[in-house]
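# I'd like to go over a predicted model; first the sequence, then the structure.
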Amino acid sequence: MAKRRIHSWPVRLTHWVNAFGMTCMFMSGWGIYNASPLFAFHFSQPLTLGGWLGGAIAWHFAVMWLLVANGLLYVLYGLASRHFKRDFLPVTPTAVKRDLVAALRFKLVHEKGVYNAVQRLMYLGVLAAGVLVVVSGLAIWKPIQLQELVALLGGFDFARYVHFAAMTAIGAFVIVHLALVLMVPKTLLPMITGGVQPVPSGKHDHD
């Protein structure tokens, strides 16, 4: 029987680059937040990156470009290889409700390389949050040069809330993602090695 990679090398590469980059972005972002908090709390200093505001900003901007390049690579590959269409679509309310109920009852069957409807919705949602966090981040970074974008986001101050909300959404995704890996640890190895799975004849590996 023919076999194919569960996760092709571009997916694995961008996944781990993203894991490193998002860790740096969260920690440096928390350092920037502490300098001018939006809410009545601060992040613990050991959880921040950069040591001081200038250092945190330097880390944030440097890693931002890494993630933008990584994200573009992932999107281009996802479209060219039909990874998005094959693995993330379709998503219907009926399927999401069915799989969510099954997951809450711990009866959801997991197959390697197959995303259930809830996972598909989460991945599409985090991609949208990624776009929003970049757009709002650019508005905060260059409020004069990109004043039309700032206005579209409701002004500089509101753009900061949008940026924080988008990062929170991404953080929530990461927490759920890690929880699922802990619940189904067999999903971790294929993201490192690629893994293999049988496929019907006529389909080919995209690795």
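Structure's in. What do you need? Keep in mind it's a predicted model, so treat the numbers as computed, not measured.
# show me what contacts the residue sitting nearest the centre point of the chain?
With the centre of the chain defined as its mean C-alpha position, the nearest residue by C-alpha atoms, centre = their mean is residue 126, 5.0 Å away. Residue 126 makes contact with 169, 170, 173 under the criterion C-beta atoms under 8 Å, 6 or more residues apart in numbering. Quick note: C-beta positions are derived from backbone N, CA and C, even for glycine.
# Going along the chain, name the helices of the chain.
Per DSSP state H, the chain carries helices over the ranges 9-35, 53-80, 83-88, 93-104, 117-141, 147-152, 156-183, 188-193.
# Now tabulate those in TSV and tack on mean pLDDT and distance to residue 47.
Output for the helices of the chain, formatted as TSV (pLDDT from 0 to 100; distance: least, C-beta to C-beta, whole Å):
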stretch	mean pLDDT	distance to residue 47
helix 9-35	93	6
helix 53-80	92	12
helix 83-88	79	32
helix 93-104	83	30
helix 117-141	89	19
helix 147-152	94	29
helix 156-183	90	12
helix 188-193	83	24
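# wait, which of those helices is closest to residue 42?
Each of these was scored for nearness to residue 42 using C-beta to C-beta, and the closest is helix 9-35 (5.0 Å).
# Packing partners of the closest one?
Contacts of helix 9-35 with other secondary structure elements, assessed using 3 or more C-beta pairs under 8 Å, 6 or more residues apart in numbering; DSSP states H and E, are made with helix 53-80, helix 156-183, helix 188-193.
# make it 7 Å
Identification of packing neighbours for helix 9-35 by 3 or more C-beta pairs under 7 Å, 6 or more residues apart in numbering; DSSP states H and E yields helix 53-80, helix 156-183.
# Of all those, which one is nearest residue 41?
When the helices and strands packed on helix 9-35 are ranked by proximity to residue 41, the top entry is helix 156-183, at 11.9 Å, counting by C-beta to C-beta.
# If you count neighbours, what's buried in the closest one?
Judged by neighbour count using 16 or more other C-beta atoms under 10 Å, the buried positions of helix 156-183 are 159, 160, 162, 163, 164, 166, 167, 169, 170, 173, 177, 180.
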